[in-house]
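Student: My questions concern the predicted model and sequence given below.
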Amino acid sequence: MNSLRLLLASIGVVLFQWAFLQGLPLSQYGNPYIYIWVLMLLPQPMSRQRQFLIAFLLGSIMDSFEQSGGAHSLACLMLILAKPSLENALLGFRKPEEDEGLASLPLGAFLTTAGILVVLHHLFLFIMENYGLQHLDTVLIRTLVSSLITLLLLVILHGLTARRYAKK
């Protein structure tokens, strides 16, 4: 994904997040956070420094909107840290020229990979927002509800924007 498309996708997703998703009545149980879709689109051959910078900037923007004190930034950085290992474990090693991020995966592989990344991101985010595991039941309920809604929206986005589906 070139830089201009990445920038436009980031702006579009963040605007959609704040224009429509933040007002959902589910906010006490959890919110869908589809802005992490941008991080999932980043291909592995992109430099790790650039990926971490994009994750930090995107998380910082969300932190400024939600006034969450850096929780989104840390959760985004954790997602970028876990993404290559998870992709290699689930999808195998791919040649750099073949790796277009998760956008080129068939639905099943996308759902598995994105599902794990979404749960990891949300669990880390809600633990950070809750200052630990004092209310584990609340953290788990928010993680479950937010992850399910986020994953549903990400599958819709994937279906609308995937360039091609791999034939495997």
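Tutor: Sure thing, it's come through.
Student: Contacts only, for Thr161.
Tutor: Ala103 (CB atoms under 8 Å, 6 or more residues apart in numbering). Just so you know, the C-beta spots here come from the backbone N, C-alpha and C atoms, and that holds for glycine as well.
Student: Could I get the buried residue list for the strand or helix carrying Leu125?
Tutor: Using DSSP states H and E, Leu125 maps to helix 107-129. Along helix 107-129, these residues count as buried under the neighbour rule (16 or more other CB atoms under 10 Å): 109-110, 113-128.
Student: packing partners for it?
Tutor: In terms of contacts (3 or more CB pairs under 8 Å, 6 or more residues apart in numbering; DSSP states H and E), helix 107-129 is packed against helix 36-41, helix 71-91, helix 136-161.
Student: Could you say which one of these comes nearest to Ala103?
Tutor: Nearest of the helices and strands packed on helix 107-129 to Ala103, taken as CB to CB: helix 36-41 at 5.3 Å.
Student: The spatially most central residue of the chain and Gln134: what is the separation?
Tutor: Nearest to the mean C-alpha position of the chain, counting by CA atoms, centre = their mean, stands Ile36 at 2.5 Å. Look at Ile36 and Gln134: by CB to CB, to the nearest Å, they are 25 Å apart.
Student: ditto for Gln22
Tutor: Applying CB to CB to Gln22 and Gln134 gives a distance of 25 Å.
Student: Show me which of these two is the more surrounded one.
Tutor: Using other CB atoms under 10 Å, the more surrounded residue of Gln22 and Gln134 is Gln22, with 13 against 8.
Student: isn't that one right up against Tyr33?
Tutor: No. Using CB atoms under 8 Å, Gln22 makes no contact with Tyr33, being 9.9 Å away.
Student: contacting residues for the residue lying closest to Ala71 once chain neighbours are set aside?
Tutor: Spatial nearest neighbour of Ala71, excluding adjacent residues (CB to CB, 6 or more residues apart in numbering): Met128 at 3.9 Å. Applying CB under 8 Å, 6+ apart, we find Met128 in contact with 68, 70-71, 74-75.
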